[in-house]
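1. Just a sequence and a predicted model for now, questions to come.
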Amino acid sequence: MFLINCPFCGEREQSEFKAGGEAHIVRPKQPTELSDDQWAEYLFMRKNIKGIQFERWNHIHGCRKWFNMVRDTSNDEIKAVYKMGEKPPVK
Amino acid sequence: MKNKYSIFSLIKNAFSYHENWEKAWKDPEPKKEYDVVIIGGGGHGLATAYYLAKKHNMKNIAVVEKGWIGGGNTGRNTTIIRSNYLWDASAGLYDHALKIWEGLSQELNYNVMFSQRGVMNLAHNLQDVRDLKRRTHANRLNGIDAVYLNTEEVKKFCPIINTSPDIRYPVLGGTLQKRAGTARHDAVAWGYARGADEMGVDIIQNCEVKGIKRNGDTVEGIETTKGFIKTNKIGVVAAGHSSVIANMAGLRLPLESKPLQALVSEPVKPIIDTVVMSNAVHAYVSQSDKGELVIGAGTDDYVSYSQKGSHDIVEGTLNAILELYPIFSRMRMLRQWGGIVDICPDASPIISKTSIKGLYFNCGWGTGGFKATPGSGDLFAHTIANDEPHKLNAAFNLNRFVSGDLVDEHGAAAVAH
């Protein structure tokens, strides 16, 4: 368990949040043009990084808003949180 | 030739205070080149090496393990074995493993303490009842022993369950697979290691893979902390770290690695002589031979390689356990730990060739890989040796995520994810 600094509500327990998986996966602009391989890539394939990962979270038992997080998955240390649509503050 | 374990060897070694037992496996340094290298010295990896040597007559095999053998999920699971999965492909896969379990101690000359004490899955609402009845019928059509029990029969089979209709999630029924049960997880790794070692497999511990060398679409070897090892066949059985190895080879996998927790209580006298699982309230429990209650909790919903889970997950599981078994209310928990499980979108494993020649993956077992250990090793060995899947693992290929031919076992996975 760790604390998450919700960009809207401030610091809360992680149990108030729901993880939403890898961030910055862009929905295909022209879905009808996609091959099966490209669909598989979009729907299923994940980086699943051990180390610095960009991901989406939802403050589901709070403000219910989505936001992004940069987290080290090897030790659960949170590097940054930022709002949807913003550029990641760290590389 | 190793000394056979028997009552006579036990007596003989008692005279020398058990100080002269032969080492069960050697601890060699890696050779320059192998015909096959297995990455990951857990149960599945060691079983793969064992069956490659035994059934496919391959001799020049190495298993490389970054820590010690059986120190990952093999030593961290709740040791439950069953084959009551819904779909034909899964039934074939898991029952193949269960059949090997039934003769495994004899085959390995190593007591894996396989105990067919039965596994009961509980239903707590009408949809659970329908789903479990459907699963029972599907199991029986596939030749897997399964029966549906009503509430009274559940109570009769496991009297300590609270079947009162007044609890938050009352027990409306359940399924029972009597051939299912548990085994001693460490013994499985050690038994396979000893068997593989005897047939000349090099088990190389404390050897972490740092890179995979490719020449175009063919593998040439692996970079490790103990130097470069040349090989043109690599079998990856790295569980939670499968994606890490895949990234080294420039391959993408449909996996997410998440913490899964388990805990054991202080040891008590025999109180529960079966395994009871409840998917809906997320509680499952059995009792080890030492007398500890072995309790499995759920996965966290975020990716993590930390081998730690969240406290609220354990709390939720224990809440459910206490409602179902009020008798446990004053038990104290002794140990809690986490493992990293690699979960596929369809909750089924991948035992498959890849787009890279000579690179094979056995991964995605998620929360339920232990039960499949012998079958997984057997089928993965077949896939590597023949460069073709066995008919029992043909459905579990990597291409199913492109074709859409998924094997959706979310309902039969004991842990909801």
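-> Alright, I've got the coordinates. Numbers count the residues shown, from 1 in each chain, chains lettered A, B, ... in the order given.
2. burial measure for residue A:42, as a count.
-> Counted by other Cβ atoms under 10 Å in any protein chain shown, the residues lying close to residue A:42 total 14. C-beta here means a position set from N, CA and C on the backbone, and glycine is covered the same way.
3. For the stretch 301-417 of chain B, what lies in contact range of chain A?
-> Applying Cβ under 8 Å from any Cβ of the partner chain, we find that the stretch 301-417 of chain B lies next to chain A at B:301-306, B:308, B:310-312, B:342, B:345, B:401-404.
4. again, only using 10 Å
-> B:301-316, B:340, B:342-346, B:398-404, B:406 (Cβ under 10 Å from any Cβ of the partner chain).
5. Could I have the buried ones of those residues as ChimeraX selection syntax?
-> Buried residues among those (16 or more other Cβ atoms under 10 Å in any protein chain shown), as a ChimeraX selection:
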select /B:301,302,303,304,305,306,307,308,309,310,313,314,316,340,342,343,344,345,346,398,400,401,402,406
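6. Which ones among the residues of the stretch 301-417 of chain B next to chain A map onto strands?
-> B:340, B:342-343 (DSSP state E).
7. So what sits opposite residue A:55 in the bridge?
-> residue A:22, residue A:69 (DSSP bridges).
8. quick one, what contacts it?
-> A:19-24, A:47, A:49, A:68-71, A:73, B:302-303 (Cβ atoms under 10 Å, 6 or more residues apart in numbering or on different chains).
9. quick one: which of those residues is most hemmed in?
-> residue B:303 (27 neighbours).
10. got the contact list for it?
-> Neighbours of residue B:303 in contact, by Cβ under 10 Å, 6+ apart: A:19, A:21-22, A:46-50, A:53, A:55, A:71, A:73, A:76, B:240, B:243, B:255-259, B:340, B:343.
11. Chain A: which of the ones in strands among the residues of the stretch 301-417 of chain B next to chain A is nearest?
-> Checking those against chain A with Cβ to the nearest Cβ, the nearest one is residue B:342 at 7.8 Å.
12. Name the residues linked to that closest one by a beta bridge.
-> Applying DSSP bridges, one finds that residue B:342 bridges with residue B:257.
13. can you put the ones in strands among the residues of the stretch 301-417 of chain B next to chain A in a markdown table and add distance to residue B:90 and pLDDT?
-> Formatted as a markdown table, these follow (distance: Cβ to Cβ, whole Å; pLDDT from 0 to 100):
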| residue | distance to residue B:90 | pLDDT |
| --- | --- | --- |
| B:340 | 23 | 96 |
| B:342 | 17 | 96 |
| B:343 | 15 | 96 |
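14. helix or strand right after the one helix or strand residue B:96 maps to?
-> Per DSSP states H and E: residue B:96 is located in helix B:88-108. Sequence order places strand B:119-123 as the next helix or strand after helix B:88-108, per DSSP H and E.
15. Could you name the helices and strands sitting against that following strand?
-> Under the contact criterion of 3 or more Cβ pairs under 10 Å, 6 or more residues apart in numbering or on different chains; DSSP states H and E, strand B:119-123 touches helix B:126-141, strand B:147-150, helix B:151-157, strand B:173-177, strand B:275-278, strand B:283-287.
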